[in-house]
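In: I would like the atomic coordinates for the input below:
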Amino acid sequence: LPNYIKRELYVNIIKEIIIYTDKLTGENYELLDVPGFDSPIKEHRDAGLHAIAMADAFLFLTSGQSPSLTQPQMNLLHEIQSYHYEAMQRAFGIITKLDLCQTSAIYQDHYEKAKGELVDKHFNPEQIFSACPRIELLESNSEEYQVINEKIRSFGDLREGFKKSKEALNVFIQYELQKTHMKQLIDLELLPDNLAVMSIDEYIKVQNTENWDQYYYDERFNPTFAKANDWHTTTITQNRSEFIENAKKIFHDRFLELTEEFMQSKHPIAQIMSQTYGYTKLQLNSHLPDNEQREKLSFQLEKIVDKTSNDLAEYFYHHYVCQLEDILNEISPEEKDLYRTRLSLEKCKYETQTLILRVSRPVIMATLRYSHLDLSCKREAISELIHIAPIVAYRIANAEEEDNDGRLVTEIPKLAKLTVAGGNEMVSKLLKALFQL
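Out: Model (predicted):
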């Protein structure tokens, strides 16, 4: 201070000294030298703690000549960690006076002990440096400089420690400088006061927590629900006919593809009887082999229907169920699969198979399974078909291509008339309209 204070009489009443320098890189830096923390004056210690809490970074100097931290230093670090624990992320440990060590072994021992104590006090190891500030103040051609420089050549990174600490501090401040600007905005009351005691990330987290319910409904739930409702209204309701036609086309095309080989197969009953009974039995009743072939073909056709219905179920599941599921999951994209349908693909297949076989099995029974020789069984199958799927029965009876024995064309209208007489009201009305009964 003698360079700045002319009269020693006034030293005790000076509270603050401001020195301007161009030796610090960057702009608008303030380097604050706070009172010692071993000061018996409480205001000195409070001022130091306040400065640490508000600073972008702070330097903690400790002597390497006595590697163990002093009690006042440990008290200081305890207070910092108790009230401003996050400040340790901004702490730089500077180990000084290691140039006074007599040998490199003593230097290394003192350095490791001092650094170890700082690490134990939660300093970042990458922000701890040994430095020789004294040599930075000397002219490089001076005798004292030459002596010190020669001595510390074998003292690890001590010669470059001061430079490295400045570089690390400069990078750190540049990265954290936005906090200083933020504090200035807070002082001008342009930002909430909360930002004076927390980072912007913490502030945003607190605000999001406090406003989460409103944010959830306004930004996530309501827009996603509206999108899902619009999708359902458009795809399932307004475009219902398109939905049905797509399903019918997929089933129709896949069924024709799977039955191509089935339809080309031949079943000569006479040849089968010859192979089974021999030539002398050719005049026997062909009902048994014919019935066996029909049963076999019926099972094959049911399997084809099962396979076709599975393909249709996969189409339903991936194009409709999963699409709605994907829309609902936009409510919480972080979770990705927060909303999962209880309808699995396997269950979808089972339900689709059940619905399709409920109609297709009576069709198979009425058209393929029984011949005219099993007329009673065939009539029962036709009656079931009329009851379950009257429109399908009507289309079969009025198909352009009649069945080879004409039984369906004649039996379906007759049995439909009987169903009207003994069936339920809804089916009876439909049958009357279709068959004009």
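In: Toward the C-terminus, what is the element adjacent to the least confident helix or strand in the chain by mean pLDDT?
Out: None of the helices or strands of the chain scores lower by mean pLDDT, DSSP states H and E than helix 269-277, at a mean of 63. Moving toward the C-terminus from helix 269-277, the next helix or strand (DSSP states H and E) is helix 287-316.
In: residues of the helix or strand just after that next one that come out buried?
Out: Next in sequence after helix 287-316, counting helices and strands by DSSP H and E, comes helix 322-328. Neighbour counts over helix 322-328 (16 or more other C-beta atoms under 10 Å) mark 324-325, 327-328 as buried. Placement of C-beta: from N, CA and C, glycine included.
In: From the chain's centroid, how far away is helix 322-328?
Out: Chain-centre distance of helix 322-328: 15 Å, with C-alpha atoms, centre = their mean, to the nearest Å.
In: Summarise which helices and strands that helix is packed against.
Out: Counting contacts by 3 or more C-beta pairs under 8 Å, 6 or more residues apart in numbering; DSSP states H and E, helix 322-328 is packed against helix 222-231.
In: In stretch 359-370, which residues are buried?
Out: 360-370.
In: Tell me which entries of those residues lie within helices.
Out: Secondary structure from DSSP state H places 360-364 of the buried residues of stretch 359-370 in helices.
In: Is it possible to get TSV of these that adds pLDDT and distance to residue 432?
Out: TSV is the format used below for those (pLDDT from 0 to 100; distance: C-beta to C-beta, whole Å):
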residue	pLDDT	distance to residue 432
360	86	25
361	85	26
362	83	21
363	83	22
364	84	27
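In: just the residues you listed now: which is nearest residue 132?
Out: Minimum distance to residue 132 across those is 93.2 Å, recorded for residue 360 (C-beta to C-beta).
In: what's the nearest residue to the closest one if we skip its chain neighbours?
Out: Nearest residue to residue 360, sequence neighbours excluded (C-beta to C-beta, 6 or more residues apart in numbering): residue 305, at 4.9 Å.
In: Can you report how many residues neighbour that neighbour?
Out: Using other C-beta atoms under 10 Å, residue 305 is surrounded by 22 other residues.
In: Just the pLDDT for it.
Out: At residue 305, the model reports a pLDDT of 91.
In: ok now stretch 305-320, how far from the chain's centre?
Out: In terms of C-alpha atoms, centre = their mean, the centre of stretch 305-320 is set 28 Å apart from its chain centre.
In: Could you list the buried residues of it?
Out: 305-306, 308-313, 315-317, 320.
In: which two in the buried residues of helix 322-328 are spaced the farthest apart?
Out: Greatest spatial distance among the buried residues of helix 322-328 (C-beta to C-beta): 325 and 327, at 7.3 Å.
In: domain ranges for the chain?
Out: Using automatic domain parsing, the domain parsing of the chain gives 15-206, 243-369, 371-437.
In: So for residue 216, which of those domains sits nearest?
Out: domain 243-369 (8.2 Å).
In: What's the end-to-end length of that closest one?
Out: Start-to-end span of domain 243-369 (C-alpha to C-alpha, to the nearest Å) is 32 Å.
In: any idea how far that domain is from the chain center?
Out: Worked out by C-alpha atoms, centre = their mean, domain 243-369 lies 38 Å from the chain centre.
In: What are the phi and psi values at residue 58?
Out: Dihedral pair for residue 58: phi -140, psi 150, per degrees, to the nearest 10.
In: Not counting its neighbours along the chain, what's nearest it?
Out: Spatial nearest neighbour of residue 58, excluding adjacent residues (C-beta to C-beta, 6+ apart): residue 52 at 5.0 Å.
In: From residue 103, how far out is residue 317?
Out: Residue 317 is 79 Å from residue 103, where distance means C-beta to C-beta, to the nearest Å.
In: cool, and residue 117?
Out: Noted for residue 117: a distance of 21 Å to residue 103, by C-beta to C-beta.
In: which one of the two has more residues nearby?
Out: Comparing residue 117 with residue 103 by other C-beta under 10 Å, the one with more neighbours is residue 117, at 19 against 11.
In: That one touches residue 66, doesn't it?
Out: No. Using C-beta atoms under 8 Å, residue 117 is not in contact with residue 66; the gap is 10.8 Å.
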